[in-house]
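*Asks:* pasting a predicted model and its sequence here:
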Amino acid sequence: MSVLYTLVVPFVAGQATRWILVYYKARAGGDKRSAYSWISQDLKPYTQLATMLSMLVLVALLVANESGLILKTPVLAVEVLLLQTVMLGFLLALITAIDKALGVSYEANTAIAYISATKNQSVAAMIAVMALGPKAALVPALVPAIQAPVSISYLRVLPRLRKWFKTEK
């Protein structure tokens, strides 16, 4: 049942919101194509902000929910943060090396590495909680707290990688 709450409901709600917006925008004057264009161009900056704010609220709620465990075992929380940092760093380095070996462009590598390191970690953490129960919630509570700094660090390293990805033609 938790899969339904964590994956299906947000997906359906997002699609329903998109359909409703397209329907009302098209009714207000225009066709569906212009309504989709309005969503992807005019509304997108606001939805990105809403996504970031929602993620920050989620991180705060997860940490607050697990604050008792974090206070009881701060060493465990530090271990989780350190291991997650090492794992994310290794994942980003591995993806970058594989992309370079496969001849993937710098731009494609940036998208692949960033999405792989951020999206998949959150899904993996959620699956761990569903499989292992509420006691496994410490890791998902702390993962978002370390994802942002590691991802930002990777973005700061990316300009230096551009030269490494240049290939002779």
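*Replies:* Looks like it came in fine.
*Asks:* dump the residue contacts of Tyr106.
*Replies:* 161-162, 165-166 (C-beta atoms under 8 Å, 6 or more residues apart in numbering). (Each C-beta comes from the backbone N, C-alpha and C, glycine too.)
*Asks:* what about Val22, how many residues nearby?
*Replies:* 18 (other C-beta atoms under 10 Å).
*Asks:* Arg33 is in contact with that one, correct?
*Replies:* No: in this structure, Val22 is not within contact of Arg33 by C-beta atoms under 8 Å, at 9.7 Å.
*Asks:* quick one, helices of the protein?
*Replies:* Along the chain, counting by DSSP state H, helices occupy 2-3, 9-27, 32-38, 44-65, 67-72, 74-102, 106-132, 138-165.
*Asks:* what lies in contact with the fifth one?
*Replies:* Counting contacts by C-beta under 8 Å, 6+ apart, the residues outside helix 67-72 that touch it are 63, 76-77, 138, 141-142.
*Asks:* which of the residues you listed count as buried?
*Replies:* 63, 77, 138, 141-142 (16 or more other C-beta atoms under 10 Å).
*Asks:* quick check: the two most widely separated of the contacts of helix 67-72?
*Replies:* Largest separation among the contacts of helix 67-72 by C-beta to C-beta: Val63 and Leu76, giving 13.8 Å.
*Asks:* that older thread, what's the closest of the buried ones among the contacts of helix 67-72 to Leu88?
*Replies:* Looking across the buried ones among the contacts of helix 67-72 and measuring by C-beta to C-beta, the closest to Leu88 is Leu142, at 12.1 Å.
*Asks:* ok, now which ones touch the residue nearest to that closest one when sequence neighbours are not counted?
*Replies:* Computed as C-beta to C-beta, 6 or more residues apart in numbering, the closest residue to Leu142 that is not its neighbour in sequence is Val80, at 5.0 Å. Residues in contact with Val80 (C-beta under 8 Å, 6+ apart) are 138-139, 142.
*Asks:* mind putting those into TSV with distance to Leu88 and pLDDT?
*Replies:* Shown next, in TSV, are the contacts of Val80 (distance: C-beta to C-beta, whole Å; pLDDT from 0 to 100):
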residue	distance to Leu88	pLDDT
Leu138	17	72
Val139	13	72
Leu142	12	75
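*Asks:* give me the contacts around stretch 9-26.
*Replies:* 32, 34-36, 38-39, 43.
*Asks:* residues of that stretch that come out buried?
*Replies:* Applying a neighbour-count criterion of 16+ other C-beta under 10 Å, the buried positions in stretch 9-26 are 22, 25-26.
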